[in-house]
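*Asks:* Could you look at this predicted model? Sequence included:
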Amino acid sequence: MYVVTAEQMRQLDRETIEGLGIPAIALMENAGRAIAEEIIALCKRQEKVEPAAWNGSREGFHVSGDAALTLGTAAAERWLVLVGKGNNGGDGLVAARHLSEAGIAVTLVYAVPPESLTGEAALQRDAAAAMGLSAVVYGRDRLDIAAYSGILDALLGTGAAGAPRGTYAELIAAANSSGKPIVSADIPSGLDADTGQTHEPCIHASVTVCLAFLKRGLLQYPGAGAAGHIVVRSIGIPSALVRKQGSAVYWLTPAVLRDVLNVDTSRQRSPEGHKGTYGHVLLAGGTLRMSGAGLLASRAALRAGCGLVTWALPRRLLPYAIGSVPELMLAEVGGEEDGSWNKDTAVEVLKLSAERDVTAAGPGLGRFAGDTEWLRSIWEGTDCPLVLDADALNILAETDYRIWTSRRHPVILTPHPGEMARLAGISTVEVQRNRIQLALDYAREYSVTLVLKGAHTVIATPEGQAFINTTGSPAMGTGGAGDVLTGMISGLLAQGLNATQAAAFGVYLHGLAGERASHQRQDPSALMAGDIIEAL
Ligand SMILES: NC(=O)C1=CN([C@@H]2O[C@H](COP(=O)(O)OP(=O)(O)OC[C@H]3O[C@@H](n4cnc5c(N)ncnc54)[C@H](O)[C@@H]3O)[C@@H](O)[C@H]2O)[C@H](O)CC1
Ligand SMILES: [K+]
């Protein structure tokens, strides 16, 4: 499931038209027909789609084939088709013909005088007129939105620039306040197709029929919230063109895990397997006040399937940790009387890491004098994959670690938006403004695998790939959920997954386990991080 920018979409359109010789009008016909089919299915199902319902489920992202057009359905339905000046409007005009053919009464509402349409949109305008579809021009003719059962938003698509202007803005506001279910063509009008920022006003759709490939803006909030239930419909643009373009942003579905990341979840364990086969994780973290972080990360690594976990912790903590997780091995590394870490513990951590397959550092680590040197020696001295989270990220944020000796093995960083803000030296608001691009740029610039957590977590690789997570629930905004993810990713690395596989599969599983754990509770907000581990 590819995710593209508006510019990439324009290139793909051009390559399909000029390179493959498929005329634009054919693509538009496919687009409009797909939109109509989804509306007809919606009417047929008589499903009450709550206006602007964002169900957040993956089921919404389906690629439905070319179902046969259902004729004579839902005659009671009367739909308004809001038509913009560009090709998005053209899609709407095609859809209007197919809706009418299926027995749904449609009225076209032109945002601009129809004579100003050009190219394929003008051709569709004439075809709609020749079919006798009723049409009004907004602002010139009377329009009673209340008389209709649904609205198709074909005002603005990937060619929009800036906040909707003039009659577009008025129509968007009128549609939103009508309380009618709105289906958006390609993207909700008023949404920035690349960043997910919503202009004022922006359509709040119940359903978005996204054409050809997912747009980045549909997967980043607030855009993801304005799109409602998203359906991706092919319109005849071959996926091979996307691969050729090198578009490397994917919607992280099980198919992408399997086919793009080669994560083979069906692989059986060898009967001769033993705990040494499944890798050994070293976790450096935990202080007196934040010992739970170390426990959660360690338990999560074990639950993720690695063979052994050693938790390196300050001596002062040891008595309290003994027996808390019998399966866990403990290694005290010195530290201060108050149970905090100090610079000297680095030697012990390096010694321990020499016999482990993965080193994770950060959960509950706290800050301490000389912690930058401490982390630099871990960075330069560990000869295995490194997973850094929480305070280890805050330490990184205070130094330009690109001058540190480059490593043979990968590094995975797992910041939440606040930690990302510190790492990138920008505000959290700016981080959330364009998560996918920020993650891609940072991962490439610092040659790390970056897991930018949040709704639709982004996994970005040094090679310029990104994977947008499809699992998870708001209930997972609970203390320790990040420690669990760090442990899971480490546990998967220890079993031989590469950094991209471990980060993407870890994030996917973490969200899925969180969904299941929260579904098991009467009130999902009662979820605690430990429940995620048990649901794994
Ligand atoms: N072969 C193809 O190109 C296909 C395109 N598809 C659909 O086309 C749109 C993209 O169409 P485009 O003509 O590039 O632009 P839009 O229709 O999105 O709108 C541009 C149109 O609107 C005016 N405009 C731009 N910004 C604003 C604004 N802020 N306020 C008011 N008006 C604005 C501008 O003047 C232009 O005239 C894509 O989304 C698909 O829906 C099909 O998918 C098939 C193939
Ligand atoms: K639209």
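*Replies:* Thanks, I have the structure now. In this text the structure is predicted, and so the values were computed from the model without any measurement. Ligands and ions are numbered 1, 2, ... in the order given.
*Asks:* In contact with residue 472, which residues are there?
*Replies:* Applying Cβ atoms under 8 Å, 6 or more residues apart in numbering, we find residue 472 in contact with 455, 457, 510-512, 514-515. The way it works is simple: take the backbone N, C-alpha and C, and place the C-beta from them, glycine included.
*Asks:* Make a markdown table from those residues and add pLDDT to it.
*Replies:* Shown next, in a markdown table, are those (pLDDT from 0 to 100):
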| residue | pLDDT |
| --- | --- |
| 455 | 93 |
| 457 | 97 |
| 510 | 98 |
| 511 | 96 |
| 512 | 96 |
| 514 | 95 |
| 515 | 93 |
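*Asks:* Just the closest of these to residue 126, please.
*Replies:* Distance to residue 126, by Cβ to Cβ, is smallest for residue 455 among the contacts of residue 472, at 43.6 Å.
*Asks:* Name the nearest residue to that closest one, sequence neighbours excluded.
*Replies:* Setting aside the residues directly before and after it, residue 455 is nearest to residue 221 in space (Cβ to Cβ, 6 or more residues apart in numbering), at 5.5 Å.
*Asks:* To which secondary structure element type does that neighbour belong?
*Replies:* Following DSSP: H, G, I helix; E, B strand; the rest coil, we place residue 221 in the coil state.
*Asks:* Look at it and report its pLDDT.
*Replies:* pLDDT for residue 221: 92.
*Asks:* What is the burial count for it?
*Replies:* Neighbourhood size, residue 221 [other Cβ atoms under 10 Å]: 16.
*Asks:* That one contacts residue 434, doesn't it?
*Replies:* No - if you go by Cβ atoms under 8 Å, residue 221 and residue 434 don't touch, sitting 11.4 Å apart.
*Asks:* any shared contact partners between these two?
*Replies:* Residues touching both residue 221 and residue 434 by Cβ under 8 Å, 6+ apart: residue 196.
*Asks:* Please export the C-alpha coordinates of stretch 382-389 as CSV.
*Replies:* In CSV, the C-alpha atoms belonging to stretch 382-389 read as follows (Å, rounded to 0.1, in the frame of the first residue of the first chain):
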residue,chain,number,x,y,z
THR,A,382,29.0,-1.6,21.5
ASP,A,383,29.5,-4.0,18.6
CYS,A,384,25.8,-4.9,18.2
PRO,A,385,22.5,-3.2,17.2
LEU,A,386,21.6,-0.3,19.6
VAL,A,387,18.1,0.8,20.6
LEU,A,388,17.9,4.2,22.3
ASP,A,389,14.8,5.6,24.0
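*Asks:* list the buried ones in that stretch?
*Replies:* Neighbour counts over stretch 382-389 (16 or more other Cβ atoms under 10 Å) mark 382, 384-389 as buried.
*Asks:* ok, residue 318 - how many residues close by?
*Replies:* When neighbours are counted by other Cβ under 10 Å, residue 318 comes out with 16.
*Asks:* Please, which helix or strand holds it?
*Replies:* Per DSSP states H and E: residue 318 is located in helix 318-321.
*Asks:* How far away from the center of its chain is that helix?
*Replies:* Put simply, helix 318-321 sits 39 Å off its chain's centre (Cα atoms, centre = their mean, to the nearest Å).
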